[in-house]
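Asks: What would the 3D arrangement of this be:
(one chain, ligands or ions: 2)
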Amino acid sequence: MTLNVGVIGVGMIGQDHIRRLTQVLSGARVVAVTDVDLNRAKAVAGELAGARIHENGQDLIGDDDVDAVIVASWGPTHEEYVLACIAAGKQVFCEKPLATTREACERILDAETKAGRRLVMVGFMRRYDDGYRAMKDTIARGDIGAPLMFHSAHRNATVPGHYVSDMIINDTCVHDVDIARFLLDTEIVAARVVKPRRNSNAADHLTDPLFLLFETADGAIVDVEASINIQFGYDIRGEVVGESGTVELAESAAVLVKRAGGYAGRIPEDWRERFVRAYDRELQEWVDAATAGRSTGPSSWDGYAATVVCDSALAALRSGERVEVSLREQPELYR
Ligand code: NAD
Ligand code: ISE
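Replies: Ligands and ions are numbered 1, 2, ... in the order given. You can find the predicted model right below:
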């Protein structure tokens with residue numbers, strides 16, 4: 001059976017997911033697209049055999065030919081579409097963040113819990129990256145002892161013009177928050193944020209870089225260096241320090257070239273290059289699960305927890321104080 005997918009938001013990542021659904025993965029076809037920029041939707045649909053264009057996301061979700069939906073529009077618009085997919089009983093792959101506020105995520109949790117089955121997968125693709133998976137396996141085997149600290153660095157070469165300061169936390173570091181929860185298998189309970197000296201390459205309205213410090217429920221510490229104008233490339237680093245060893249991501253280059261008294265390797269341009277295999281894997285897993293009528297991968301609970309932690313980090317950034325994270329009780333559906 002082929003899964004008929006509708007895509008809401010056909011900007012950068014929406015188009016990248018369409019490319020992988022149509023050219024890389026198996027078992028799915030894109031039958032409908034929409035975007036507030038209808039000209040963009042038309043241009044994208046023009047490249048797809050038989051895909052229809054809808055005026056808006058609600059119409060796309062209501063289309064009987066659409067079996068499952070990808071939401072790849074801007075973060076603040078996710079809630080509306082995810083809720084509509086749950087109401088329609090359709091599996092939805094929602095790009096991160098699940099939603100940009102705690103309240104919005106809670107409405108999604110309430111709706112999915114009421115529906116009584118998981119319908120939402122959140123696009124935290126790092127969980128599908130070979131490097132992070134090997135780190136998790138190393139920790140789970142007990143090879144480095146109990147984890148004490150996780151150092152994460154999230155460096156973007158540049159950011160697009162629509163990027164605003166809060167996005168450093170709720171759009172960029174939301175990945176580090178999720179991968180910290182995944183690797184350490186615990187919740188984050190408090191946040192602090194400090195501001196190093198400004199990067200003069202940053203636009204005036206951006207506070208860049210930031211240094212985030214989190215405490216976990218079992219007493220480990222997570223630090224995240226977030227830089228969004230680092231210029232030299234897209235550089236993702238991670239190291240877990242355990243009681244008797246450490247495990248860290250290796251460089252992502254396939255090869256190192258040694259010559260003329262030095263060595264060098266490629267640094268990815270952006271996340272599409274760095275995480276290409278992880279995106280392929282996450283979306284294939286979603287397609288397979290949606291086809292079988294079930295959900296998989298990072299859940300609404302994971303999306304909710306990450307957003308609430310980011311809310312606390314934003315409050316910590318504004319106040320300069322340590323801010324606690326309070327999550328509601330986890331519903332049975334997500335245990
Ligand atoms: P983008 O600006 O390139 O594309 C977003 C598209 O959504 C635009 O074409 C815009 O017109 C459209 N849009 C906005 N509001 C809409 C609405 N209400 N209905 C329909 N379409 C609407 O942005 P992007 O970089 O592709 O990011 C899109 C989403 O994907 C964001 O949530 C972002 O955080 C996420 N993202 C995730 C990753 C990842 O690594 N997992 C990488 C990039 C982006
Ligand atoms: C973007 O939306 C992503 O999700 C990328 O993975 C991240 O590195 C980038 O900072 C975000 O803006």
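Asks: Report pLDDT for the spatially closest residue to residue 274 that is not a sequence neighbour.
Replies: Excluding the flanking residues, the one nearest residue 274 by C-beta to C-beta, 6 or more residues apart in numbering is residue 268, at 3.9 Å. In short, each C-beta sits where N, CA and C put it, glycine included. pLDDT, residue 268: 98.
Asks: What residues does the nearest residue to residue 42 once chain neighbours are set aside make contact with?
Replies: Nearest residue to residue 42 in three dimensions, chain neighbours excluded: residue 53, at 5.9 Å (C-beta to C-beta, 6+ apart). Contact analysis of residue 53 by C-beta atoms under 8 Å, 6 or more residues apart in numbering lists 32-34, 38, 41-42, 45.
Asks: you'd agree residue 112 is up against residue 86?
Replies: Yes. If you go by C-beta atoms under 8 Å, residue 112 and residue 86 touch, sitting 5.5 Å apart.
Asks: Find residues that contact each of those two.
Replies: Common contact partners of residue 112 and residue 86 (C-beta under 8 Å, 6+ apart): 119-120.
Asks: Mind jotting down where the strands sit in the stretch 51-200 of the chain?
Replies: Remark: strands assigned in the stretch 51-200 of the chain by DSSP state E, counting those that start in this stretch are 52-53, 68-71, 91-94, 120-122, 147-155, 188-194.
Asks: domain parsing for this structure?
Replies: 3-126+277-299, 138-275+307-328 (automatic domain parsing).
Asks: What helices and strands are in contact with the helix or strand bottoming out on mean pLDDT in the chain?
Replies: Across the helices and strands of the chain, mean confidence by mean pLDDT, DSSP states H and E is lowest for helix 167: a mean of 94. Packed against helix 167, as judged by 3 or more C-beta pairs under 8 Å, 6 or more residues apart in numbering; DSSP states H and E, are no other helices or strands.
Asks: Can it be said to contact ligand 1?
Replies: No. Helix 167 stays clear of ligand 1 (C-beta under 6 Å from any ligand atom), getting no nearer than 8.2 Å.
Asks: Repeat that for stretch 146-163.
Replies: No. Stretch 146-163 does not reach ligand 1 (C-beta under 6 Å from any ligand atom); its nearest approach is 6.5 Å.
Asks: Could you pull out the buried residues of that stretch?
Replies: Neighbour counts over stretch 146-163 (16 or more other C-beta atoms under 10 Å) mark 147-148, 150-157, 159, 163 as buried.
Asks: Run a quick neighbour tally on the closest residue to ligand 2 within the stretch 51-200 of the chain.
Replies: Using C-beta to the nearest ligand atom, residue 172 is the residue of the stretch 51-200 of the chain that sits closest to ligand 2, at 3.4 Å. The tally of other residues near residue 172 (other C-beta atoms under 10 Å) stands at 21.
Asks: If I look at the closest residue to ligand 1 within the chain, what pLDDT would I see?
Replies: Using C-beta to the nearest ligand atom, the single residue of the chain nearest to ligand 1 is residue 11, 1.8 Å away. Listed pLDDT for residue 11 reads 97.
Asks: Would you mind listing the residues in contact with it?
Replies: By C-beta under 8 Å, 6+ apart, the neighbours of residue 11 are 35, 40, 72-73.
Asks: switch to 10 Å and redo it
Replies: Shown in contact with residue 11 (C-beta atoms under 10 Å, 6 or more residues apart in numbering): 35-37, 40, 44, 72-74, 160.
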